[in-house]
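S.K.: Below are the sequence and a predicted model; questions follow.
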Amino acid sequence: MSTSSAPQRLGLVDPQTASKPIADVFALLPVINAFRAMANAETLYRHFSNYLLRLFKPMELDATTERMIVLNIIFSMRFRAYTKSSHRGP
């Protein structure tokens with residue numbers, strides 16, 4: 001029988017008592033415990049949270065790119081419909 005203890009866990013950083021750089025980043029992010037846990041690594045937290053903020057931020061496409069995506073989807077759907085109808089068995 002093993003007598004090993006449970007692994008140590010990092011506590012969650014409280015936004016009210018966090019250092020100024022961490023508190024500034026908390027102000028930009030949604031309240032999610034994963035962000036509070038990552039704040040234990042202060043030197044990395046600001047850069048990584050900026051990355052996550054950009055990752056989950058809604059993106060805006062320029063009109064040309066948006067139009068190309070729409071046309072690509074339409075072409076793909078028509079091609080699938082064509083191949084499906086032309087390869088039917090008797």
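M.R.: Yes, it's here.
S.K.: helices and strands of the chain: which one bottoms out on pLDDT?
M.R.: helix 33-38 (a mean of 67; mean pLDDT, DSSP states H and E).
S.K.: And the helix or strand that that one is followed by, what does it pack against?
M.R.: Next along the chain after helix 33-38, taking DSSP states H and E as the criterion, comes helix 42-56. Judged by 3 or more CB pairs under 8 Å, 6 or more residues apart in numbering; DSSP states H and E, the packing partners of helix 42-56 are helix 20-28, helix 33-38. Every C-beta, even on glycine, is put in place using the N, C-alpha and C of the backbone.
S.K.: Touching, Ala23 and Asp14? I think so.
M.R.: No - if you go by CB atoms under 8 Å, Ala23 and Asp14 don't touch, sitting 9.7 Å apart.
S.K.: So for the two, which sits in the more crowded spot?
M.R.: Ala23 (15 against 12; other CB atoms under 10 Å).
S.K.: separation between the closest residue in space to the more buried one that isn't next to it in sequence and Tyr45?
M.R.: Leaving aside its chain neighbours, Ala23 sits nearest to Pro15 (6.0 Å; criterion: CB to CB, 6 or more residues apart in numbering). Applying CB to CB, to the nearest Å, the value for Pro15 to Tyr45 is 12 Å.
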